[in-house]
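> Okay, here's the prediction I keep looking at, along with the sequence it came from:
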Amino acid sequence: MAARVTESAYAGRRNVVPGAYRGVAVTTVDRELDDASLSDHFLGRDAYRRTRFIVVRHGAQTAVVAVQKASEDPLFSPITGLQVLAGPDECVYLQEPEVDTAIPTALAHAAACSAPGMRAVVVEGRYHHVSFILDPAPLRVTVREVVPPYPAKLLDQVRRVLATAEHLPPVELVPDVVELEDLARTRPSAGYLLPCRGGGVSVEGASTDYLDEHPERREWTLIGCERSQQIHEWFYGERADQVDICPRKRTGGTGAILAKCCLLESEIAVDEYADGKGVVVPWGASLAQISEGLTRLAEEWEPTWEPA
Ligand SMILES: [Zn+2]
């Protein structure tokens, strides 16, 4: 019973999220949530062997504590140590039935939307499971894509991967999506050649042909990637006037960047940009490849993050 509230093992860490075996217990107490009361209430009390964190509620107030037990072997064991990770002044309890609390990105998103600026956000989410995020600071990932087709495919795929990514640190997406029509307008031409009919791009006053239909050669500007240019050369024996749409070649933007490239067929590449480091996935990347790409980005940018 001599153990006291000590400095948290999680001090100084950002994006603290309990791991897959969350070990988060929730309890309501009939006392204030100051350090002394919490210590007095929990030390010596039995806790389940998997319990590592306790979300403590008192009226509208919430605190989060980490606990150590005398042993992890028996089903229940007395609590011998306790650290207050977040007191009631810096902690909020959200009920968000749609949020999968096992997904760090989902926790960070809920925190940013419903409790911006709060240090500790507890979420009661899907299945009524409860977890929390401490000091949220999601990794901002710029996603480079061209449209149409809609929705922007790489961005949409990344969102779907993140929705189930239990192993990644919290990520916040920064879309960098460019319209093919806008790219075409940067190079006025009487005619444009697009890789395929896919998105129905058209520029007023100009003709539009589609490379995959192998049209008869005429004067045009190719709105396409290097691979389309190679196909053009194969078909017509020469390279076309071109606006290169490859997101990999886009400049600007800082930090973590995810792009795709026409010339990558199965591998993933890591690129150095002037102000950032990026991962490039194949043009037609699968969800598995995008998951691998995000994992690489996280390794580059958040090398020390792991679930708590
Ligand atoms: Zn490319």
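Received, thanks.
> so how far is the first residue of stretch 85-99 from its last?
Taking CA to CA, to the nearest Å, stretch 85-99 runs 22 Å from one end to the other.
> got the buried residues for it?
By neighbour count with 16 or more other CB atoms under 10 Å, stretch 85-99 contains the buried residues 85-88, 90-94, 96, 99. No exception for glycine: its C-beta is placed from N, CA and C like everyone else's.
> And those residues, which is closest to residue 38?
Using CB to CB, residue 87 comes nearest to residue 38 of these, at 8.6 Å.
> The closest one and residue 64, how far apart?
Distance, residue 87 to residue 64, using CB to CB, to the nearest Å: 9 Å.
> cool, residue 129 as well?
For residue 129 relative to residue 64 (CB to CB), the value is 15 Å.
> And those two? Which one has more around it.
residue 64 (29 against 14; other CB atoms under 10 Å).
> hmm, who's touching the helix or strand where that one lies?
According to DSSP states H and E, residue 64 maps onto strand 61-69. With contact meaning CB atoms under 8 Å, 6 or more residues apart in numbering, strand 61-69 is reached by 8-10, 33, 38, 42, 47, 49, 51-56, 77-88, 91-93, 120, 122, 132, 134.
> Quick one: mean pLDDT over it.
Mean pLDDT, strand 61-69: 96.
> just checking, next helix/strand downstream of it?
strand 76-86.
> and that next one, how far from the chain's centre?
Mean-position distance between strand 76-86 and its chain equals 31 Å (CA atoms, centre = their mean, to the nearest Å).
> which residues touch it?
Residues from elsewhere that reach strand 76-86 (CB under 8 Å, 6+ apart): 3, 5-10, 16, 35, 38-39, 42-49, 53, 63-71, 119-120, 132, 134.
> again, but for stretch 238-253
Contacts for stretch 238-253 (CB under 8 Å, 6+ apart): 142, 144-146, 154, 174, 176, 178, 180, 183-184, 186-187, 189, 193, 220-226, 229, 232-233, 259-263, 271, 273-276, 280.
> Where do the helices of the protein begin and end?
With helices called from DSSP state H, the chain shows them at 35-42, 104-114, 153-162, 180-185, 226-236, 287-301.
> Can you say which of those is packed in most?
helix 104-114 (a mean of 22; mean count of other CB atoms under 10 Å).
> Just list what that helix packs against, helices and strands only.
Here helix 104-114 touches strand 91-95, strand 120-124, strand 130-134, strand 171-179, going by 3 or more CB pairs under 8 Å, 6 or more residues apart in numbering; DSSP states H and E.
> From the chain's centroid, how far away is the longest one?
Mean-position distance between strand 171-179 and its chain equals 12 Å (CA atoms, centre = their mean).
> for the ion, what are the nearby residues on the protein?
Neighbours of the ion within the chain, by CB under 5 Å from the ion: 225, 246, 248, 261-263.
> ok, the residue in the stretch 101-250 of the chain that the ion sits nearest to - how many residues close by?
Nearest to the ion in the stretch 101-250 of the chain, going by CB to the ion, is residue 246, at a distance of 3.2 Å. Neighbourhood size, residue 246 [other CB under 10 Å]: 21.
> That one and residue 121: what is the separation?
The value you get for residue 246 to residue 121, if CB to CB is used, is 39 Å.
> ok, now residue 106?
11 Å.
> Likewise for residue 193?
51 Å.
> ok, the two, which is more surrounded?
Ranked by neighbour count (other CB under 10 Å), residue 193 and residue 121 place residue 121 first, with 28 against 24.
> so what's that one closest to, chain neighbours aside?
residue 111 (3.9 Å; CB to CB, 6 or more residues apart in numbering).
> where does the stretch 151-300 of the chain have low pLDDT?
In the predicted model of the stretch 151-300 of the chain, residues 199 satisfy pLDDT under 70.
> 80 instead?
Along the stretch 151-300 of the chain, segments meeting pLDDT under 80 span 198-200, 252-253, 273-276.
> just checking, residue 219 touches residue 191?
Yes - at 6.0 Å, residue 219 counts as touching residue 191 under the criterion of CB atoms under 8 Å.
> sorry, back to before: buried ones from the contacts of strand 61-69, can you make that a PyMOL selection?
Command for PyMOL, covering only those of the contacts of strand 61-69 found buried under the criterion 16+ other CB under 10 Å:
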select buried, resi 8+10+33+38+42+47+51+52+53+54+55+56+77+79+80+81+82+83+84+85+86+87+88+91+92+93+120+122+132+134
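> For burial, what's the neighbour tally of residue 242?
By other CB under 10 Å, 18 other residues sit near residue 242.
> Who is it paired with across the strands?
Residue 242 has these beta-bridge partners by DSSP bridges: residue 222.
> same question, residue 92
Applying DSSP bridges, one finds that residue 92 bridges with residue 121.
> That one: what's it in contact with?
62, 115, 118, 120-122.
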